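Trainee: What follows is a predicted structure for the sequence shown.
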Amino acid sequence: MFSPLMVQFAIMLLAALAVGGLVYAIATPYFNGEKKADQRIAKLASEKKERARYSPEQKRRKAVLDVLDELDSRQKEDAKISMRQRLLQAGFSISPAIFYLASATSAVVLGGITYMFVGESVAIYATGAAIFAGGIGMPRWVINFLSARRQRKFVSQLANAIDIIVRGVKTGLPLNDCIGIIAAESPAPLGEEFAKIVEEQRIGVTLAKGIERMYERMPLQEVSFLSIVISIQSAAGGNLAEALQNLSNVLRERKKLEGKVRAFSQEAKSSAAIIGALPILVMGAVYVSKPDYIMILFDERSGNMMLAGSAVWMLMGVLVMRKMINFDY
């Protein structure tokens, strides 16, 4: 039907149309601006993403996260507390060497008194226990007791001190002047701790660093909250008065929660104290009424072993009850 020449011509025409269509599909965006438009849209999207990444809100959030990570790492590094820090937490300015010397003196005195007043059969055991209690147990118990009492006083005064800072900042006073007022007018231990911050600022220590050092002397969550607020404000800015007002409200709510926990657990604490003291009271009453009946526990070796076993079980029971009635909040 068709001549070979026409078939060849048709094949060449179809091939030319295919090549032309391919060239048109590839080259058209470069000639009509579609490729440039796509490139410009991609560039604008990239610039918008960069602006969003480095916007003031994003910068502030990044600064806050950096401050929190830094404070968390510092607190993990300071997990081990030295004896000097324990003495500072209790309010003592003495060196650890003096504390160890006082502990050794206490051990010798208590051990000597025990050796003179107990029977010969238990003199070695009782004297060893007295030396251990006087040299290690009692001094550290005193340090922990004084430290806990000082921390309770500090926490009870901290919310009012933050309110003073808030009112001073709202009226236009600098933050350093507000801290100076607290240091001069507040009772111990709050005034003493803020006075140390003022003294450190005079020698060039920043306020954020001074509050971090105060956390070493007062290892409380409330002080950690204050340190975080001040550090974030100094690094990222923001409304300091509002942040401190929120912190003051949080501290007062924590104080209310502490009161509720103590009220709910007081019955359990009273029961634990009665149960723990009852064996000792009964033993004392028996010794007063009929000494010969109970002295077998001190004169015989089997009685000594029974006393030692009873003391161990009593200690375990007291520790278990203490763990059950103490709550973290």
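Mentor: Nice, thanks for sending it over.

Trainee: What's the separation between residue 201 and residue 100?
Mentor: 33 Å (C-beta to C-beta, to the nearest Å). Using the backbone N, CA and C atoms, a C-beta is placed for each residue, glycine as well.

Trainee: more crowded one of those two?
Mentor: residue 201 (16 against 13; other C-beta atoms under 10 Å).

Trainee: Now do the contacts for that one.
Mentor: Counting by C-beta atoms under 8 Å, 6 or more residues apart in numbering, residue 201 makes contact with 176, 207, 210.

Trainee: Nearest to residue 148, out of these: which one, please.
Mentor: Set against residue 148, the nearest of those by C-beta to C-beta is residue 210 (23.6 Å).

Trainee: Give me the neighbour count for the closest one.
Mentor: Close neighbours of residue 210, defined as other C-beta under 10 Å, add up to 20.

Trainee: ok, now residue 174?
Mentor: Neighbour tally, residue 174, other C-beta under 10 Å: 10.

Trainee: What pLDDT is listed against it?
Mentor: At residue 174, the model reports a pLDDT of 88.

Trainee: what about residue 253, which helix or strand?
Mentor: Element membership for residue 253 (DSSP states H and E) is helix 240-289.

Trainee: by contact count, what packs against that helix?
Mentor: Helix 240-289 makes packing contacts with helix 138-170, helix 221-236, helix 291-294, helix 301-325 when contacts are defined by 3 or more C-beta pairs under 8 Å, 6 or more residues apart in numbering; DSSP states H and E.

Trainee: And the next helix or strand past the third one?
Mentor: As assigned by DSSP H and E, the chain's next helix or strand after helix 291-294 is helix 296-299.

Trainee: State the mean pLDDT of the helix holding residue 253.
Mentor: Across helix 240-289, pLDDT averages out at 85.

Trainee: likewise stretch 111-128?
Mentor: Across stretch 111-128, the average pLDDT comes to 76.

Trainee: likewise stretch 141-151?
Mentor: 92.

Trainee: Return the distance of it from the chain's centre.
Mentor: Relative to its parent chain, stretch 141-151 has a centroid offset of 18 Å by C-alpha atoms, centre = their mean, to the nearest Å.

Trainee: What is the burial count for residue 207?
Mentor: If you count neighbours by other C-beta under 10 Å, residue 207 ends up with 19.

Trainee: For it, which non-adjacent residue is closest in space?
Mentor: Distances taken as C-beta to C-beta, 6 or more residues apart in numbering place residue 230 nearest to residue 207, at 6.1 Å, with adjacent residues excluded.

Trainee: thought the one you found was touching residue 210?
Mentor: No. Residue 230 lies out of contact with residue 210 (C-beta atoms under 8 Å); the separation is 9.1 Å.

Trainee: sorry, back to before: can you say which of the helices and strands packed on helix 240-289 is packed in most?
Mentor: helix 221-236 (a mean of 19; mean count of other C-beta atoms under 10 Å).

Trainee: So which other helices or strands are in contact with it?
Mentor: Using 3+ C-beta pairs under 8 Å, 6+ apart: helix 221-236 touches helix 56-77, helix 138-170, helix 207-217, helix 240-289.

Trainee: Just put those in CSV and tack on distance to residue 91.
Mentor: Shown next, in CSV, are the helices and strands packed on helix 221-236 (distance: least, C-beta to C-beta, whole Å):
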stretch, distance to residue 91
helix 56-77, 22
helix 138-170, 5
helix 207-217, 9
helix 240-289, 22
